[in-house]
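Chemist: predicted model and sequence below, questions to follow.
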Amino acid sequence: MASRPTEDPRPLAVVYDKGAVHPVEAVSAIGPLAPILFLVAPTDHALRLLPVMRRLAEAQVLTDDLEADAAALRERRPAGIITFSEKMVPRTAALAGRLALPYHSPATTELLTDKFAQRDRLRLCDVDPTRSVAIHGVGEWPEAVRTVGLPAVLKPLRGGGSRDTYPIRDEATGRDLTKRLIDGPDATHGLVLEEFLRGRDTRPFGDYVSVESAVVQGRIHHLAVTGKLPQVEPFREVGQFWPAYTPPGEREQILELTTRALRALDIRLGVTHTEIKLTAGGPRIIEVNGRLGGHLNELSRRATGVDLVQFAAGIALGHPAGPPPPMPSRVFWQFRSPAPLDAVSLDEATGGRDAAGLPGVSRYVPYVRAGERVDVGVMTNPLDLACGDSEDHLTMAAQIDRLKDVLSYRFTFPNGRQQTLSARALTPPRAFS
Amino acid sequence: MPDDPRGWAESTAAFTVVRSADGHHSVWPADRPVPGGWDRTGPAAGYTDCLAAVEAGTNGPHCPDPAACRRPNIPHLFADVVRRHGDRPAVSDDERSLTYHDLDRLSDTIAAGLRARGLNPGDRVAVHLPRGADVFVTLLAILKEGAAYVPVDTRYPDARRDLMIAGSGARLVITTAALRDRLADTGVDTATIDDLSGTGEAAPRRPRPCGCQAACVLFTSGSSGTPKAIVLEHSNLAYFARNPALPALTPDDRVAHVSSLSFDAFTFETWSTLTSGARIVVLPTVTDLVAGDPGHELSRHRITAMLAPTMAVNHIAREDPEAFAGLRILHTGGDVILPAACRELLNSSFDGEFHNLYGPTEGTTACTSYRITEDGADRANVPIGSALAGARVYLLDADRRPVADGQPGELCIGGAGVARGYLGQAGLTAARFLPDPFATDGGRIYTTGDLARRTADGLLEFLGRADDQVKIRGYRVEPREVERVLGRFPGVRDVAVVTVGEGDGKHLVALVTGEDLALPQLRTHAGRVLPDYLVPSAFACTEQIPANSHGKRDTAQLLAMAQAELRRHHDTAGPRNEIEEYLAGLWAELLGAETVGVREDFFALGGNSLLAFRLRRRAAADLNITITMEEVLTVSVLADLADLIRARKDSRV
């Protein structure tokens, strides 16, 4: 693994914003390799954590002036640069470009952040034929829907996670949504309408997987295929596990497809997280992300002892990729209860203690405390995290099933109504699949 | 040319220690007459013993008569400018602009503060300040006090900063409150500008220093071994600052300060400017300038003169040749200027004077210059020109006798720019600074270790470092010579030829930048015009020749690149059949590689999706097969792709 200590005291610049690995986790993982210099996005969320970062490492707050930021960073002579935040990939690439640090090239960054450009390149290189159209105004909707067809998926042209990603079943709803989103804060660059990829029946597991890969000097090393629990409406993740559950031969197809996608996008360096839909016609690309997948490091450390944050940092520092994590001998899983889309606050959470005592459950961590507001939106927005392991995938499914009955939450909704919902009620099977 | 690490012919065995009237020591062959102005001080002995004797001695150089010393000193030259141009701007940074009167007054205040802290003439003071007007106030104050400044760039790594402060024997570090804490471990007293202001009004002014007094301590880059501390005297700085062989700066000139404080280009920016009444304009460092928009910065600040490191000029001339358009004077130096860069500059709107400067720090910034013209730019090797006024330049063989015109010799410099020597290293100073064999006044030469030759028109051409010379298969090889030949090949933009390996395993590796380069043709060309031992074992394309923070070639990184390339070359397994041979040729062409092994990976060699498209189209047409993009993207090892193509051809039969 890329964990050798280095004598080079030059720091690794870690560009930080919401959605990234927590500063404490970053420092403990990267500390053995290099000192950290946090470059902090000037957002409320990131600035709240600034005192923490300053206690742990050096931190500079980024400004609107890229050249000034680059000049300040140059003073610190960083040995490499990385971000674990999807949102900050372009900024990281811009800084890397100015300091001649290895990172995704400007062209590749564009392909990683512009979902239409990415699809277009994947089509051009015969990697994936999924139809997609960029929409910059509601007037483009009719032509877009004619090209893509229905059902379809509407999402911002740029942006991470499943923020504002909607299934579109009928034209009127799609048009209304387009009109609403195009004026919204997350669609400043426009929207993209994509052909909906229908997953095959993979119950009790999700109909998609992700592939975690490391690319060093153009060589692709697949680290793991991550299995997923079925999503809940609209496209929210509730859990993942290592290793993925795949029929014979499918894992190879998945890895080969990922290889082709990464090559088509000209990714030469860094860690990637590629989401893949398992359809009746074979695996298809959902999207390629130029950073580590969310919550994966916890899974990796527990399942294989390999710290993926450290692994990614090592690559950014120019270390060789090292061997991939070993295939775990048991199934390691995470389950996260999603908050209802329209809830205002969490009033009470029960069953956490019982959950921690269930067979196979190794850890239970609440993320939202009773009395706290719940972020409104369609982004994956977990209330908690339960971790466990089991001898096989079906046992895992049974363990999680039991967990869903034990965990229960009382929410307040906008009209003042209060309702108690179990984790099972929060994770109904998705109708749109 | 010297064959021996001592710099002398191997046959010279006996030496004596020699001493000049002003107290410089050196060594000289026992069987040769001592140059004028030097005396032997002891019996004949071995070279090392002589150096050890010098090292053990306690008496350093001194001015024979400080009161009557007529050598120029910087405060005197500055005072003259203040008298004539006192109200004109002397230095401006982002926050303020100081006139010559301001600079004079403020530096007097700081000088008084230094005196109040007990600073004595001859002491050394480290200057560790961020770029800005305060730097110049401080330097002048130190010189007015007869002390020597040690400029320590605030961007340097802590270890190098500490080494410079400790190695210079500084009594005091002038710094800012923010930087002060970091200096605690050095154990050296620190003071800020504020600490020094207004504390020493009562102390009497000191007499101006004599020209033989130390003015500054600069450090060599330390690219090979520990950096050496070079002591330059006032007369050294004055020699370069007011050199009549270079175009004179006028009070209307605005000179860019882009150099690191610790680099010797800073001597030009500071003293050439402040002794001519021109204005120093503080800009970002040259590294930042190159990374940003140099043309915009230079025109925004209405810069008329600057000294830019060669690597920066080579780069800017290619990327933005109009960047220098507003300049009246452009000096460059520090490395080998590319003829192509010169041509691009001369073809741009820049119509000022463009000078190629040559010289080690031991000779005070530069000892030769060449005004680059169309004629110079058309040569494979842009000349370094001829000696500056007051400098003497000799090309000597290992016996320290002149070589014939056209022959390579070690470039040795004498005259007014020759530094006092290395601080605290009398033995090393004696080894590198020798009696000037052609002078009668006790003059010295500095033996640069650089090779040059004099062309038929009397100009000097830089050939490379003497210690870069390598023996390959018994032949003496000069990598720069190979670079020049390769550099003339169409499409080659820049080239670095690096020696890799030891003993019999020594190889030359050529790292080349350029557009649409055909490496096999370049090798053929090299084979046609060079003897076989000069043809590099491996050629590789690279995006750029790496430079260090001083704008010089980064030799360590170049060596690493060359080693990796050679390793790849040796590991290359050759094609075993026609399809592999075809693919190896196609890949080499598409990837700009010289050779491709059958186990190599298209994407690891730099292939991208566009090149994969071209690979698919070419292979499909040339081999008359169907091959999909999916296959090209998936099957990336050459032998595997050859197997796939063969299977497809076979299945058709």
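Modeler: Everything's here; your move. Note that the structure is a prediction, hence the values are computed from the model and not measured.
Chemist: need the residues of chain B near chain A, please.
Modeler: Residues of chain B found near chain A (Cβ under 8 Å from any Cβ of the partner chain) are B:155, B:157-158, B:284, B:287-288, B:291-292, B:601, B:603-609, B:612-613, B:628-630, B:633-634, B:636. Backbone N, C-alpha and C define where each C-beta goes, glycine included.
Chemist: could you redo the last one with a cut-off of 6 Å?
Modeler: B:288, B:291, B:603-604, B:608-609, B:629-630, B:633-634 (Cβ under 6 Å from any Cβ of the partner chain).
Chemist: what does chain A have sitting close to chain B?
Modeler: Within chain A, the residues that sit near chain B (Cβ under 6 Å from any Cβ) are A:71, A:98, A:125-126, A:217-219, A:256, A:260, A:263-264, A:266.
Chemist: does A:Arg363 count as helix, strand or coil?
Modeler: Assigned state for A:Arg363: strand (three-state reduction, DSSP: H, G, I helix; E, B strand; the rest coil).
Chemist: okay, now it: neighbour count?
Modeler: Neighbours of A:Arg363 under the rule other Cβ atoms under 10 Å in any protein chain shown: 13.
Chemist: go on, B:Thr440?
Modeler: 10.
Chemist: tell me which element the nearest residue in space to it that is not next to it in sequence is part of?
Modeler: Spatially, and ignoring its direct neighbours in sequence, B:Thr440 is nearest to B:Gly36 (3.1 Å; Cβ to Cβ, 6 or more residues apart in numbering or on different chains). Using DSSP states H and E, no element contains B:Gly36; it sits outside every helix and strand.
Chemist: wait, B:Gly36 touches B:Gly442, no?
Modeler: No. Contact between B:Gly36 and B:Gly442 fails when scored by Cβ atoms under 6 Å: they sit 7.2 Å apart.
Chemist: ok so, going back, filter the residues of chain A next to chain B to the buried ones?
Modeler: A:71, A:98, A:125-126, A:217-218, A:256, A:260, A:263-264, A:266 (16 or more other Cβ atoms under 10 Å in any protein chain shown).
Chemist: among these, name the ones in helices.
Modeler: Under the assignment DSSP state H, these contribute A:71, A:98, A:256, A:260, A:263-264 to helices.
Chemist: which of these has the weakest pLDDT?
Modeler: In terms of pLDDT, the lowest of these is A:Arg98, showing 84.
Chemist: what about the strands in the stretch 1-150 of chain A?
Modeler: Listed in chain order, the strands of the stretch 1-150 of chain A (DSSP state E, counting those that start in this stretch) span A:12-16, A:36-40, A:58-61, A:80-83, A:132-135.
Chemist: of all these, which lies closest to A:Leu112?
Modeler: strand A:80-83 (11.6 Å; Cβ to Cβ).
Chemist: list the buried ones in the closest one?
Modeler: Of the residues in strand A:80-83, those buried (16+ other Cβ under 10 Å) are A:80-83.
Chemist: re earlier: could you identify the most distant pair in the ones in helices among the buried ones among the residues of chain A next to chain B?
Modeler: A:Ala71 and A:Glu256 (43.7 Å).
Chemist: confirm A:Pro204 sits in a helix?
Modeler: No. Looking at A:Pro204 with three-state DSSP, it is coil, so not inside a helix.
Chemist: what about it, distance to A:Gly249?
Modeler: The gap separating A:Pro204 from A:Gly249 is 21 Å, by Cβ to Cβ, to the nearest Å.
Chemist: between these two, which one's more packed in?
Modeler: The residue with more neighbours, out of A:Pro204 and A:Gly249, is A:Pro204; 15 against 8, by other Cβ under 10 Å.
Chemist: report pLDDT for that one.
Modeler: With respect to pLDDT, A:Pro204 has a value of 90.
Chemist: for A:Ser390, same thing?
Modeler: 95.
Chemist: same question, B:His355
Modeler: pLDDT for B:His355: 97.
Chemist: which residues does it bridge with?
Modeler: Beta-bridge partners for B:His355, by DSSP bridges, are B:His331, B:Arg371.
Chemist: could you check the distance from it over to B:Gly427?
Modeler: Relative to B:Gly427, B:His355 is positioned 36 Å away (Cβ to Cβ).
Chemist: returning to that earlier point: the residue nearest to B:Thr440 and chain A: what is the separation?
Modeler: Going from B:Gly36 to chain A by Cβ to the nearest Cβ, to the nearest Å gives 50 Å.
Chemist: list the contacts of the residue of the stretch 1-150 of chain A found nearest chain B.
Modeler: Nearest residue of the stretch 1-150 of chain A to chain B, counting by Cβ to the nearest Cβ: A:Asp126, 4.0 Å away. Residues counted as contacts of A:Asp126 (Cβ atoms under 6 Å, 6 or more residues apart in numbering or on different chains) are B:629-630.
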